[in-house]
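> my questions are about this predicted structure, shown below with the sequence.
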Amino acid sequence: MTNQALIPVIINGAAGKMGREVVKAVAQAPDLTLMGAIDRNPEHQGKDAGELAGLTEPLEVPITDQLEPMLGYVAGERQLPPGVIIDFTHPDSVYDNVRSAIAYGIRPVVGTTGLSPEKIQNLADFAEKASTGCLIIPNFSIGMVLLQQAAITASKYFDHVEIIELHHNQKADAPSGTAIQTAQLLAELGKTFNPAIVEETEKIPGARGSLADEGIRIHSVRLPGLIAHQEVIFGAAGQIYTLRHDTSDRACYMPGVLLAIRKVSQLKSLVYGLEKIL
Ligand SMILES: NC(=O)C1=CN([C@@H]2O[C@H](COP(=O)(O)OP(=O)(O)OC[C@H]3O[C@@H](n4cnc5c(N)ncnc54)[C@H](OP(=O)(O)O)[C@@H]3O)[C@@H](O)[C@H]2O)C=CC1
Ligand SMILES: O=C(O)C1=N[C@H](C(=O)O)C[C@H](O)C1
């Protein structure tokens, strides 16, 4: 493979739990070249992204908090294919990060969750106007896509369903982006779930979880010791059907992340969900 074909990649949130995993995956991919590693954490400024991620050899890519200059630098590398930025930062910053990237013609692949539907729509409009591909993927693991497909099938036959998502206690947003997307996928069937059987009162507010689309309830658990887990529980007279996905290592997201980096430049608009590019 010639150097010309390498896709330039910037990782935003490169010092974080997901960012470090992506640094390793990109460094090991023969068709990608890591050109920038952004992170706001002052403790990690100037450190080599590869060494921070646990690679034995440095990548000679220092962590910096200078997003816009990095976007400008990669956008100026005209002899390379269009640049891609992967975002694993924070729900508070991801919207502005994506706007900036699109303005520079750099394609965003967004793993950060917590964007509201309105903000996602704004980004879709912005990407459409710029004719720039953008991927927002609430969950990059193939196991979760399969769980969601099984849940869609089950939702045709069950009228009662609740979602429980369980995560480590450093997670900023609740419910998880994956749980919200799962409820949306079930709601697309066009029926209202969980018809009331009795009048309920919550003796402690929130006891019945949050009410998502079409009557679906989501319950969020946060504990040290967890990584990322989700159950979708269907109930009917005399039976319970439970779907469960567990992650034990963030490496599980990397095939999906690499696929998204390779696909985003073929798009001209915003696409939401890994299942759309498989
Ligand atoms: N789509 C998917 O499959 C997955 C999505 N996620 C999502 O990815 C996001 C990140 O998760 P995770 O890696 O666990 O989080 P971490 O907190 O471990 O990492 C985030 C990193 O980004 C940095 N950061 C935060 N804001 C900015 C900013 N504005 N500019 C630059 N750097 C910034 C943080 O710095 P500091 O420490 O100073 O805050 C930190 O180093 C979350 O929204 C999570 O839900 C996670 C796993 C899978
Ligand atoms: O914060 C995490 O860890 C995860 N976040 C994503 C979400 O909110 O759905 C994906 C996965 O659940 C891990």
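Received the coordinates, thanks. Numbering: from 1, shown residues only. Ligands and ions are numbered 1, 2, ... in the order given.
> can you pull out the helices in the stretch 51-200 of the chain?
67-75, 94-103, 117-130, 142-155, 177-187 (DSSP state H, counting those that start in this stretch).
> packing partners for the third one?
Based on contacts counted as 3 or more CB pairs under 8 Å, 6 or more residues apart in numbering; DSSP states H and E, the elements that helix 117-130 packs against are helix 94-103, strand 134-136, strand 270-272. Heads up, the C-betas are built off the backbone N, CA and C, glycines and all.
> any residue of the second one touching ligand 1?
No. With CB under 6 Å from any ligand atom as the criterion, ligand 1 is not reached by strand 134-136; the gap is at least 8.7 Å.
> sheet partners, orientation included, of that strand?
Strands that pair with strand 134-136, judged by DSSP bridges, come out as strand 107-110 (parallel), strand 270-272 (parallel).
> looking at those strands, which is closest to K129?
strand 270-272 (10.9 Å; CB to CB).
> neighbours around the residue nearest to L71 when sequence neighbours are not counted, how many?
Using CB to CB, 6 or more residues apart in numbering and skipping the chain neighbours, the partner closest in space to L71 is Y104 (4.0 Å). With neighbours defined by other CB atoms under 10 Å, the count for Y104 comes to 19.
> kindly report the same for G54.
With other CB under 10 Å as criterion, G54 counts 10.
> over to it: give its phi and psi.
When quoted as degrees, to the nearest 10, the phi and psi of G54 stand at phi 100, psi 10.
> thinking again about what came up before, show the pLDDT at the residue nearest to L71.
Y104 is assigned a predicted lDDT (pLDDT) of 98.
> also T2?
49.
> hang on, isn't Y104 packed against G72?
Yes. In terms of CB atoms under 8 Å, Y104 counts as a neighbour of G72; the distance is 6.3 Å.
> who touches I227 in this structure?
By CB atoms under 8 Å, 6 or more residues apart in numbering, the residues touching I227 are H167, H168, D246, T247, S248, D249, R250.
> could you confirm the third one falls within a strand?
Spelled out, that is D246. Yes. Under DSSP: H, G, I helix; E, B strand; the rest coil, D246 falls within a strand.
> how long is stretch 269-278 end to end?
Length of stretch 269-278, first residue to last, CA to CA, to the nearest Å: 17 Å.
> any buried residues in it, and which?
L270, V271, Y272, G273, L274, E275, I277 (16 or more other CB atoms under 10 Å).
> need the residues that contact it.
By CB under 8 Å, 6+ apart, stretch 269-278 touches 120, 123-124, 127-128, 131-140, 142, 144-145, 148-149, 181, 256, 259-260, 263.
> please identify the most buried of the helices and strands packed on helix 117-130.
strand 134-136 (a mean of 26; mean count of other CB atoms under 10 Å).
> give me the contacts around that one.
98, 102, 107-110, 115, 120, 123-124, 127, 260, 263-264, 267, 269-273, 277.
> model confidence for the closest residue to Q45 other than its chain neighbours, exactly?
With CB to CB, 6+ apart as the criterion, Q45 has its nearest non-adjacent residue at 5.9 Å, and that residue is I63. We have a pLDDT of 98 for I63.
> could you double-check that I63 sits in contact with A37?
Yes. Using CB under 8 Å, I63 makes contact with A37 at a distance of 5.0 Å.
> list residues touching both of those two?
Joint contacts of I63 and A37 (CB under 8 Å, 6+ apart) are A14, A15, A49.
> closest to ligand 1 among the residues you listed?
Looking at those and their distance to ligand 1, the nearest is A15, at 4.2 Å (CB to the nearest ligand atom).
> quick check: pLDDT value at that closest one.
98.
> number of nearby residues for it?
For A15, the neighbour count with other CB under 10 Å is 21.
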